[in-house]
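Asks: got a sequence here, can you build the structure:
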Amino acid sequence: MARTEKFALVVPTLNEAGNIERVLERLVEALSPLPLQWEIIVVDDNSEDGTGDLVKARAVFENRIRLVVRTAERGLAGAIAHGWEKTDAKLLGVIDADLQHPPAVLPSLLEAMNAGSDIAIASRYIRPHSMDGWNRMRKLLSQISVLASAPVQRREVRAKDPLSGFFIVRRECVEGIEFQKTGFKLLLEILAKGRIKSVAEIPFRFANRANGSSKANALTGVHYLRLLLKLAFERRPGPERAR
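Replies: Model (predicted):
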């Protein structure tokens, strides 16, 4: 890999004490051999299980790990955007803290960015059997959610997995754009509103959560429907353009 721009990876956390040490270990292992400047920013929503303390302990030995604690807000998308605001990196990424996203995919994502892509997405929908650990209902709901996103995606940059939580984007493509702070689907909003001209998708196998419980619930679906309606409304032509 040729030397590329500075990369900042945000890891949003809420009560991930059972996973965070292994996640950070694997992230450092994946990034350390690469010829680029990087940092890992853990954005913690005031966890009560000691997640922040574990991050601080790791940061003593690895100064490229930083902890940012939010006490007044909650929400995955907002945590990601908050972390991106805390860095001057030109390449901005996000990965879950539950070990469902393999850190070993990071070099491939960065290689795609180095080749000129505006956004590189770790995709569950490139290769078959990427979600064999899921039950039928979860797979069905995921497929329906992806299909529902089609009307708000731009045709020229349409992604197979617009709901992935593991991706890298160029700062210049999202800077100055206000995104929804609640919900889990920041990538879809970036694809719909960002200054994206080229998309690369890298296949990966989605693992089961290692420890702890998922933060997704019925409200997640409500936030997603609200986002779809918001993006559909924003895409609708105004009176001047509709004439």
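
Asks: what about the strands in this protein?
Replies: 7-13, 38-44, 65-69, 91-94, 119-123, 167-170, 199-203 (DSSP state E).

Asks: let me see the mean pLDDT of the second one.
Replies: Looking back up the chat, that one is strand 38-44. Averaging pLDDT along strand 38-44 gives 98.

Asks: give the buried residues for it.
Replies: Within strand 38-44, the residues scored as buried using 16 or more other Cβ atoms under 10 Å are 38-44. Heads up, the C-betas are built off the backbone N, CA and C, glycines and all.

Asks: the residue nearest to Ile41 when sequence neighbours are not counted - how many residues pack around it?
Replies: Closest residue to Ile41 apart from its sequence neighbours, by Cβ to Cβ, 6 or more residues apart in numbering: Gly83 at 4.5 Å. Gly83 has 24 neighbouring residues, counting by other Cβ atoms under 10 Å.

Asks: hmm, back to that, could the buried residues of strand 38-44 go into CSV alongside distance to Gly93?
Replies: Below are these laid out as CSV (distance: Cβ to Cβ, whole Å):
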residue, distance to Gly93
Trp38, 9
Glu39, 11
Ile40, 9
Ile41, 10
Val42, 13
Val43, 13
Asp44, 17
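
Asks: list the residue ranges of this protein that fall below the pLDDT cut-off.
Replies: 1-4, 128-135, 138-139, 208-220, 235-243 (pLDDT under 70).

Asks: for it, longest helix please?
Replies: If you go by DSSP state H, the chain has its longest helix at helix 218-235.

Asks: tell me how many other residues surround the closest residue to Gly75 other than its chain neighbours.
Replies: In space, and not counting its chain neighbours, Gly75 is closest to Thr182: 4.4 Å by Cβ to Cβ, 6+ apart. Per other Cβ under 10 Å, the neighbour tally for Thr182 reads 16.

Asks: which stretches in the protein count as helices?
Replies: Going by DSSP H, the chain shows helices at 20-31, 51-61, 76-85, 106-114, 136-149, 171-174, 186-193, 218-235, 239-242.

Asks: ends of stretch 163-172, how far apart?
Replies: Its start and end residues considered, stretch 163-172 measures 21 Å (Cα to Cα, to the nearest Å).

Asks: typed the wrong thing, it's stretch 55-74
Replies: With Cα to Cα, one end of stretch 55-74 sits 19 Å from the other.

Asks: buried residues in it?
Replies: Residues of stretch 55-74 classed as buried: 55, 58-59, 64-68, 70 (neighbour count, 16+ other Cβ under 10 Å).

Asks: got the contact list for it?
Replies: Around stretch 55-74, the neighbours that count as contacts under Cβ atoms under 8 Å, 6 or more residues apart in numbering are 13-14, 20-21, 24-25, 28, 38-46, 52, 78-79, 82-83, 86, 181.

Asks: mind checking how far stretch 13-22 is from the chain centre?
Replies: 16 Å (Cα atoms, centre = their mean, to the nearest Å).

Asks: contacting residues for the nearest residue to Ala81 once chain neighbours are set aside?
Replies: In this structure, Ala81 finds its nearest non-sequential neighbour in Phe179, 5.8 Å apart by Cβ to Cβ, 6+ apart. Neighbouring residues of Phe179 by Cβ under 8 Å, 6+ apart: 77, 81, 186, 189-190, 193.
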